[in-house]
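Participant: Make a model of this:
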Amino acid sequence: MPGIVEATYDRPVAVIGDVHGRADLLRELLAQLGDRPILSVGDVVDRGPDVPGCVDQLIERGALGVCGNHEEWVVGWLAGEGFDRFALHPAMGGEATLRSYGVSSRDSGEITDARWRVPPAHHAWFAALADVIDLTVMGRQYWVVHSAPELSDLDSGEEEARMVFQFEARRLRWGRYRVDRVPDCGRPVIAGHMTREVPADNGRVIAIDTGCGTTPGGALTAVLLPERRFVTVR
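Facilitator: A predicted model of the protein is given here:
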């Protein structure tokens, strides 16, 4: 899996929050984003009914993404590293991902052997997911991660943030954070992972997981850059 990937754009972009298999809401959101380049904060998979439909749309838009905690088992499975049965835990919702790719078995060996059901283009998209995207949009810099660091993870500053992102990426995919406890990382951190009723931007962190595919009535949110304006669909 790539580590920190640099992405530079000389035009506005959009970063979308956790999708969790809701291809219908993703389609509606993308229609409102025009032709902006698209980035994802991860958790495209699990829980919702149409993961392949989500990945197809992101591939069509040439979207870059970071690996969320829900993508970890998919990346390992598709890479031939075996199947992590924790994906079948109700809290994960991986059974919905398997089912959407035509895999109905709950046997680990059979699931491992069924990864051929995932199209090659999807294999490639998941394999290319980064730990962190070092994003520059029209001269303004951002970090795109799945889960933001807290004050206990680092003190402050861009160089220390880069070290944490490089060597502690898995912990930051799974760690919980509070918006008010995210330190200064030298530039705004754009993150998902922690579900909120509405997106937030306190200057240090832009939190855009609004419960899509996770909570009843959950919404899908994108942040437009460099404007830092939110677009949400329900």
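
Participant: okay, how far is it across stretch 47-64, tip to tip?
Facilitator: 22 Å (CA to CA, to the nearest Å).

Participant: and it, how far from the chain's centre?
Facilitator: When C-alpha coordinates are averaged (CA atoms, centre = their mean, to the nearest Å), stretch 47-64 and its chain have centres 11 Å apart.

Participant: Check the average confidence over that stretch, would you?
Facilitator: Averaging the model's pLDDT scores along stretch 47-64 yields 98.

Participant: May I see the buried residues of that stretch?
Facilitator: Along stretch 47-64, the positions that meet the burial threshold by neighbour count (16 or more other CB atoms under 10 Å) are 47-48, 50-58, 61, 63-64. No exception for glycine: its C-beta is placed from N, CA and C like everyone else's.

Participant: which ones are touching T214?
Facilitator: Under the criterion of CB atoms under 8 Å, 6 or more residues apart in numbering, the neighbours of T214 are 18, 20, 47, 195.

Participant: Spatially central residue for the protein, please.
Facilitator: For the chain, the residue lying nearest the average C-alpha position, counting by CA atoms, centre = their mean, turns out to be G42 (0.9 Å).

Participant: Could you check how far that residue is from G203?
Facilitator: For G42, the distance to G203 equals 22 Å [CB to CB, to the nearest Å].

Participant: Put the buried members of the contacts of T214 into a PyMOL selection.
Facilitator: Buried residues within those, as defined by 16+ other CB under 10 Å, are selected in PyMOL through the command that follows:
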select buried, resi 18+20+47
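
Participant: Farthest pair within the contacts of T214?
Facilitator: The largest distance within those, taken as CB to CB, falls between R47 and T195 and amounts to 11.5 Å.

Participant: low-confidence ranges in the protein?
Facilitator: Across the chain, the ranges flagged by pLDDT under 70 are 1, 152-156.

Participant: what's stretch 95-104 in contact with?
Facilitator: Judged by CB under 8 Å, 6+ apart, the contacts made with stretch 95-104 from elsewhere in the structure are 21, 45-53, 74, 87-88, 106, 111, 114, 117-118.

Participant: hang on, the earlier thing: ok, the residue nearest to the centre of the chain - contacts?
Facilitator: Listed by CB under 8 Å, 6+ apart, the contact partners of G42 are 18, 65-71, 129, 146, 173, 192-193.

Participant: out of everything not next to it in sequence, what's closest to it?
Facilitator: Beyond its immediate neighbours in the sequence, the residue positioned closest to G42 (CB to CB, 6 or more residues apart in numbering) is G68, lying 2.6 Å away.
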